[in-house]
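Engineer: Any chance you can model this:
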Amino acid sequence: MIDQPRLRSTFWSQVRGICFDLGGTLVRTEAEPTTGQVAHVLGISLEEARAVMEQEAKRRRITPEGLAGDLAAVFGRPGLVDPLVRVLEHAKQRAADPRLFPDAAPTLTVLRQRGFALFALTNSLGSSVPAEPPAAFRNLLDRVVYSAETGAIKPEREAFAAVEHVSGLSPGQLLHVGDSLRADVTGAAAAGWHTAWLDRRMAGGPLLSSGRTVRLHTLTTLSLLLPAGPTPAPSMNSEAH
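Structural biologist: Reported below is the predicted structural model:
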């Protein structure tokens with residue numbers, strides 16, 4: 001067995017900030033996610049719904065009524081505005097009062113106490129962005145970065161650049177944790193970040209070839225793999241004489 005000090009000195013020693021996906025990582029999702037519910041109401045495939053959502057709905061703020069009207073118009077189903085509004089309003093209410101996984105708050109609390117900067121990066125629908133930061137995150141995260149505010153969705157490089165901008169950290173100082181291999185792991189790795197794939201369902205998947213990527217089954221493991229605290233930034237006066 002490897003003791004904790006050795007683990008902490010081996011993994012992610014340069015990490016100073018940690019960024020988390022929301023749905024499926026920190027936040028419990030419904031049995032059928034919002035995009036799936038929209039697809040069901042419209043009578044379209046999940047792939048069609050995802051494609052439409054990624055074009056604009058996740059890249060700008062919009063009201064549930066506005067998005068429902070847009071979707072009904074795109075698919076020529078004006079009579080479905082009301083059921084679409086109900087789905088989108090419910091999603092907005094859930095986003096304002098998210099249900100966290102049991103391991104989320106304890107893990108964030110430990111990492112906060114160690115001095116890590118903590119963020120979340122999410123491809124939320126623009127109609128679901130809360131007017132105020134959810135109470136569940138106020139004391140746990142420095143910032144939640146929404147795709148509707150940046151205009152970029154994971155795995156696009158610009159999405160991760162937005163976190164670099166608000167954190168003031170470089171790619172090599174950031175770790176991203178998420179449950180999507182494509183959006184979270186591939187996107188963050190391409191941006192030069194350290195990555196952790198959260199495989200909560202232990203569903204398995206492709207072998208992870210990147211030395212920067214670790215597969216986790218619970219967030220609790222993070223506290224064992226990360227150093228006791230972030231490496232201090234070099235002093236601006238270290239070269240002064």
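
Engineer: Show residues contacting stretch 39-49.
Structural biologist: With contacts defined as C-beta atoms under 8 Å, 6 or more residues apart in numbering, stretch 39-49 is touched by E32, T35, G36, V38, L71, A72, F75, R77, L80, P83, L84, V87. (C-beta placed from N, C-alpha, C; glycine too.)

Engineer: Kindly apply the preceding question to stretch 141-159 instead.
Structural biologist: Under the contact criterion C-beta under 8 Å, 6+ apart, stretch 141-159 has outside partners 20-22, 54, 58-62, 108, 117-126, 129, 133-134, 137, 160-163, 166-167, 178, 180, 182-184, 186-188, 190-191.

Engineer: could you redo the last one with a cut-off of 7 Å?
Structural biologist: With C-beta atoms under 7 Å, 6 or more residues apart in numbering as the test, stretch 141-159 has contacts from 54, 58-61, 108, 117-124, 126, 129, 133, 137, 162-163, 166, 182-184, 186-187, 190-191.

Engineer: Mind checking which of those residues are buried?
Structural biologist: When burial is judged by neighbour count using 16 or more other C-beta atoms under 10 Å, the buried members of these are 58-60, 108, 117-124, 126, 129, 137, 162-163, 183-184, 186-187, 191.

Engineer: Tell me the first helix or strand C-terminal of the helix or strand encompassing R86.
Structural biologist: Mapping R86 onto the secondary structure by DSSP states H and E places it in helix 81-96. Next helix or strand after helix 81-96 toward the C-terminus (DSSP H and E): helix 104-114.

Engineer: Any buried residues in that next one, and which?
Structural biologist: A104, A105, T107, L108, L111, R112.

Engineer: mind checking how far the first one is from G172?
Structural biologist: Plainly put, A104 is 26 Å away from G172 if you go by C-beta to C-beta, to the nearest Å.

Engineer: One more: the fourth one?
Structural biologist: Relative to G172, L108 is positioned 22 Å away (criterion: C-beta to C-beta).

Engineer: With the fifth one instead?
Structural biologist: Counting by C-beta to C-beta, the gap between L111 and G172 amounts to 18 Å.

Engineer: was I right about S128 contacting Q93?
Structural biologist: No - under the criterion of C-beta atoms under 7 Å, S128 lies out of contact with Q93, with a separation of 9.0 Å.

Engineer: The two: which is more packed in?
Structural biologist: For S128 against Q93, the residue with the higher neighbour count under other C-beta atoms under 10 Å is S128, and the figures read 25 against 12.

Engineer: State the distance from the more buried one to I62.
Structural biologist: Going from S128 to I62 by C-beta to C-beta gives 10 Å.

Engineer: quick one: the helices in this structure?
Structural biologist: Applying DSSP state H to the chain gives helices spanning 4-10, 34-42, 46-52, 64-74, 81-96, 104-114, 135-138, 147-150, 157-167, 187-190, 222-225.
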